[in-house]
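Engineer: sequence first, predicted model second:
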Amino acid sequence: MDVLDRRLVAALQVSPRASWGEIGRAVGEHERTVARRLQRLIAEGVVRVTAIYDDLRTGHGRPVHLDVRVQPGATAQVAKALADRPDTRSVYALTGAADLGCELVSPSREALHRTLSAEISAIDGVLRTQTQVVLHTFRTVAEWHAPFLTEQEVAELRPAPPPEGLPDEEGLSPLEQEIAELLAADGRIAFTAVAERLDISLPTARRRVTSLIERRLLLPRAEVEPALLGLEVEAMLWLKVRPYGLDQVGQRLAGHPNVRYCAATSGTHSLIVQVVAAHEADLYRFMTGVVGSLDEVTDSDLTLITRAYKRGHLHKSGLLTLEKTP
């Protein structure tokens, strides 16, 4: 992608359902230029617009992060087995003590017990797993955008902040569930298409879609490989944080432009952070200048993501990659 492509993708990440005209006005480009470039990237599969649930608040399940050790030479086959599971949201190959990182969403504690004790351990090649359950999410990948826009451009595109005091759990009605499934398949589906598919009025479709997004039960997302945006270094950072400072550290890191994901978890570390950077030197500066300045952090474990097999429930094998041949 050239500079303009990256800026337009960043704008789409800020507001995945914005019209081409709204994006054009925000970034100072003609609507036809915006439409031509973004439609091409979407048609080629470079960018995919979808939507993800706030699983904890909708009651869809409990997000869990797994570190997986595998037998030598078994990384690809185990990654495929994990990625093929409908309950996994992301699967990564990692450096460090774990060979694979996996995020899955389990519908119940009993299902989680069965998954961990019987199903994952039965995958050929798995040696051991370590589990961290998400307790609170400070930033989802759907809320991150590439750092190529000015604050004013972001402000023009960013949706209104959610209302205060959102409930910890709020289930979806049958109609809302149907609408959510349409948005998960196509995050930019038009209100008219929603109305036609579900045989409801256009005002009802508009009102229900808007409500789901405003209540943050469903988060529209523009998915693209960070490396295509020039952010070729991806890392998973596990932090031990003193309990009194957990919320403050989580919020501060979640606001950093290099942080795609940040959540408090159970387990040996209390905070998991996914970081992207253009170069290893930028990652070093993030560790020393940002993480290093947080007195509440007592320990850290940094691993690099070497390959993504699945992101946001989307398999990556069919998408454009940056494989380089000699």
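Structural biologist: Okay, I see it. Note that the structure is predicted; figures quoted are calculated from it, not measured.
Engineer: what count of nearby residues applies to Leu314?
Structural biologist: Counted by other Cβ atoms under 10 Å, the residues lying close to Leu314 total 17. For every residue, glycine as well, the C-beta is placed using N, CA and C.
Engineer: just checking, it touches Glu223?
Structural biologist: Yes: in this structure, Leu314 is within contact of Glu223 by Cβ atoms under 8 Å, at 6.0 Å.
Engineer: now for those two: what residues contact both?
Structural biologist: With contacts taken as Cβ atoms under 8 Å, 6 or more residues apart in numbering, the residues that reach both Leu314 and Glu223 are Arg48, Thr50.
Engineer: between the two ends of stretch 195-211, how far is it?
Structural biologist: 15 Å (Cα to Cα, to the nearest Å).
Engineer: cool, stretch 154-163 as well?
Structural biologist: End-to-end distance (Cα to Cα), stretch 154-163: 20 Å.
Engineer: list of residues touching it?
Structural biologist: Under Cβ under 8 Å, 6+ apart, the answer for stretch 154-163 is 11, 14-15, 18, 22-23, 25-26, 145, 149, 213-216.
Engineer: which of those residues are buried?
Structural biologist: Among those, the ones that count as buried by 16 or more other Cβ atoms under 10 Å are 11, 14-15, 18, 22-23, 25-26, 145, 149, 213, 215-216.
Engineer: tell me which of those is nearest to Ile120?
Structural biologist: Using Cβ to Cβ, Arg216 is the member of the buried ones among the contacts of stretch 154-163 that sits closest to Ile120, with 29.9 Å.
Engineer: tell me the phi and psi of that closest one?
Structural biologist: Taking degrees, to the nearest 10, you get phi 60, psi 30 for the backbone angles of Arg216.
Engineer: what's the per-residue pLDDT of the residue lying closest to it once chain neighbours are set aside here?
Structural biologist: Distances taken as Cβ to Cβ, 6 or more residues apart in numbering place Pro162 nearest to Arg216, at 5.0 Å, with adjacent residues excluded. Looking at Pro162, its pLDDT is 71.
Engineer: sec struct for Pro162, please.
Structural biologist: At Pro162 the chain is in coil, as set by DSSP: H, G, I helix; E, B strand; the rest coil.
Engineer: just give the number of residues close to it.
Structural biologist: 11.
Engineer: look up how far Arg252 lies from it.
Structural biologist: 19 Å (Cβ to Cβ, to the nearest Å).
Engineer: next one: Glu176
Structural biologist: From Glu176 to Arg252 the distance is 33 Å (Cβ to Cβ).
Engineer: now swap in Lys80 and tell me
Structural biologist: Counting by Cβ to Cβ, the gap from Lys80 to Arg252 is 37 Å.
Engineer: now do Ala308
Structural biologist: From Ala308 to Arg252 the distance is 26 Å (Cβ to Cβ).
Engineer: among these two, which residue is more densely surrounded?
Structural biologist: Ala308 (22 against 17).
Engineer: is that one in a helix, a strand, or coil?
Structural biologist: Ala308 is classified as strand under three-state DSSP.
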